[in-house]
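[1] curious how this folds, go ahead:
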Amino acid sequence: MHKLFYKPENAWVGDLIPYYDNGTYYGFYLHDPRIKDREYAEETTWHLVTTEDFVHLEYKGEAIRRGGDDRPNKNAYTGSVIKDKDGLYHAFYTAYNEKFNINGKSIQSVMQAVGSDLEHLRTIEKFLFVSDGVRYEEFDWRDPYVYWNEEEQCYDMLLASRIKGGGALRGGCIALCRSEDLIHWSYEEPFYAPEMYITMECPELFQMGDYWYLVFSTFSDQFTTHYRIGKSPRGPWMIPEDDVFDTRSDYAIKTASDGKRRFAFGWIASKYGNCDFGPWEWGGTMVFHELIQNPDDGTLRVKVIPGVRDFYSEPQEEKKALAAGAKLQECAGGIRIAADTLGAGLYEIPKDSFSIEMDIHVTQAHEFGIALHVDNGLERGYFLRMNRRRGEAAWDMWPRSEQGRYQWQIKGDVPYQIETARRLPAADDYHVFIIREDDICVVYINDEVVLSTRMYDHKGGYAGVYAVQGEVKLSNYVVRTLK
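    Numbering: from 1, shown residues only. Next up is the predicted model:
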């Protein structure tokens, strides 16, 4: 059966390196075979899928081979692709072999592969670009992003690096190097060094309209992808109110554009043991979103790609709503849900692989949100808690953990999955679109905010809207499956 979210057979998707060319999006990605238990990104190479609509993907196989055990590129990690003035494609990527070290620490370096087309890239064995060891540390020198600097008439390379001798926890920076020929590179002053993070992975720079954007991913104070806004390609860089694209589970997001629209490429992390209580892992399943710009202030919002929205297209017959601790009243287009404490209006749903679309109007409520894969007593399942007072939406699940010896050992002091928390738009009306496939769930709210996550333990059951001490209206509720 055709799947919406792509994962290679017997392997996982790591960082993506997106590139657009002549009507096709090229999704290079780190192919992680996970050879040993709890070890990630070993013997990793670049593989490639292509797409024109983000729904139908064609796997093209291995794109860049890794070197042998005695080569710097024993592992081929994240980078970027650029076409030179002669039409030759250059892929710059991170090379890593733990046996290569300086002062007892393994180093990272940059290597380059070239090709006359994007499906046949060959590594230039003599090209090896390492840190200067003076301005920048040698052991964090990765994720090269190369682009043509029109103003300076040269090629710039941004890298995830660290200030030499900088703090261990806040010395991360985005390094800058320059070249006229893509072969010889100079070391420049840091492009961005906010003294906030351990490292700033997968840097990217692009322009939309009157604004420039600097994108990078972090795992220290928050495991996420950030963006900054500037009026020039060198900043100054402003932090928007909501400076992330998705939840913790969708990491290392990079983007590509056809010149009119821009799309985010990321991966939804798996959880160890394929269960809700397992820790997040590195690598997972490919996911795409569309980025929309507010031209007034440059802020970006995230919406579902139209083809992705329409993937599940067969409406299911709506059955009568079930009241769970609430009073339900039928009204135009839906039901009103009133609860003195916790209550919900629920509908039966398929086991998995479907979409749900709904509108929620909040009359007043202490708390409200989405119930998904719950039982009729709301004892088990997932709850998207939408807190207007705090302006926050986040996933919760019941139970939150395996219960310990005592009745109270159930993680009662963890109010929700904090790593899934996102900004909730201030509104009385919310349009919600949910995609549920296998163990993946992606939720879009008001075509502004997306929350991606994994859901392993609960399937089938019911979905709907819950309220705590309040009244909400659920309308235009539609469940769709594959034809």
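[2] low-confidence ranges in the protein?
    Within the chain, the stretches with pLDDT under 70 are 1.
[3] using CSV, write out the CA atom coordinates for whichever helix or strand E357 is part of.
    In the assignment (DSSP states H and E), E357 maps to strand 354-374. The C-alpha coordinates for strand 354-374 follow below in CSV (Å, rounded to 0.1, in the frame of the first residue of the first chain):
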residue,chain,number,x,y,z
PHE,A,354,-6.7,8.2,8.0
SER,A,355,-7.1,12.0,8.3
ILE,A,356,-9.5,14.0,10.5
GLU,A,357,-10.7,17.5,9.7
MET,A,358,-12.7,19.5,12.2
ASP,A,359,-13.7,23.0,13.4
ILE,A,360,-13.8,23.9,17.1
HIS,A,361,-15.5,26.9,18.5
VAL,A,362,-14.7,27.7,22.1
THR,A,363,-17.6,29.3,24.0
GLN,A,364,-15.7,29.1,27.3
ALA,A,365,-13.6,26.4,28.9
HIS,A,366,-11.1,26.0,31.6
GLU,A,367,-9.4,23.5,29.2
PHE,A,368,-10.2,21.9,25.9
GLY,A,369,-8.5,19.9,23.2
ILE,A,370,-8.5,16.9,20.9
ALA,A,371,-9.0,13.3,22.1
LEU,A,372,-7.5,10.7,19.8
HIS,A,373,-7.5,6.9,20.1
VAL,A,374,-9.2,7.1,23.4
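[4] the helix or strand just after that strand pairs with which strands?
    Remark: after strand 354-374, the chain's next helix or strand is strand 381-387, criterion DSSP H and E. Paired with strand 381-387 in the same sheet, following DSSP bridges, are strand 354-374 (antiparallel), strand 392-398 (antiparallel).
[5] let me know the secondary structure of the closest residue to P399 other than its chain neighbours.
    The shortest distance from P399 to any non-neighbouring residue, by CB to CB, 6 or more residues apart in numbering, is to I410 (6.0 Å). Every residue, glycine included, has its C-beta placed from N, CA and C. Recorded secondary structure, I410: coil (DSSP: H, G, I helix; E, B strand; the rest coil).
[6] ok, now which ones touch I410?
    399-401, 403-404 (CB atoms under 8 Å, 6 or more residues apart in numbering).
[7] show the contacting residues for Y25.
    18-19, 50-52, 54, 256, 263.
[8] dump these into TSV; add distance to L4 and secondary structure as well.
    Conversion of the contacts of Y25 to TSV gives the following (distance: CB to CB, whole Å; DSSP: H, G, I helix; E, B strand; the rest coil):
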residue	distance to L4	secondary structure
P18	18	strand
Y19	22	strand
T50	16	strand
T51	12	strand
E52	15	coil
F54	9	coil
A256	19	strand
F263	15	strand
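[9] out of those residues, which end up buried?
    When the contacts of Y25 are checked for burial by 16 or more other CB atoms under 10 Å, the buried set is 18-19, 50-51, 54, 256, 263.
[10] re the thing from before, go through the strand holding E357 and flag the buried ones.
    Buried, per 16+ other CB under 10 Å, within strand 354-374: 354-360, 362, 365, 367-374.
[11] before we move on, the earlier item: any of the contacts of I410 buried? List them.
    Buried among those by 16+ other CB under 10 Å: R400.
[12] just the ones in strands from the contacts of I410, please.
    Cross-referencing these against strands under DSSP state E gives no overlap.
[13] what's the closest of the contacts of I410 to T224?
    Of all the contacts of I410, T224 sits closest to R400, with 21.7 Å by CB to CB.
[14] am I right that the closest one is in contact with D413?
    No. Taking contacts as CB atoms under 8 Å, R400 lies outside contact range of D413: 9.8 Å.
[15] state the distance from Y20 to V443.
    27 Å (CB to CB, to the nearest Å).
[16] quick one, which of these two is more surrounded?
    A count of neighbours by other CB atoms under 10 Å puts V443 above the other of Y20 and V443, at 24 against 17.
[17] partners of that one in the sheet?
    I434, L451.
[18] how near is it to M397?
    Counting by CB to CB, the separation of V443 from M397 is 14 Å.
[19] hey, where'd the strands end up in the stretch 151-300 of the chain?
    Remark: strands assigned in the stretch 151-300 of the chain by DSSP state E, counting those that start in this stretch are 154-163, 172-179, 186-192, 201-208, 211-218, 224-230, 250-257, 262-271, 280-293, 300-303.
[20] what residues sit buried inside the shortest one?
    What it means is strand 300-303. 300-303.
[21] closest to V13 among those?
    Taking CB to CB as the measure, V13 sits nearest to V302 out of those, at 19.2 Å.
[22] isn't the closest one right up against V450?
    Yes. When contacts are counted by CB under 8 Å, V302 is listed as touching V450 (4.5 Å).
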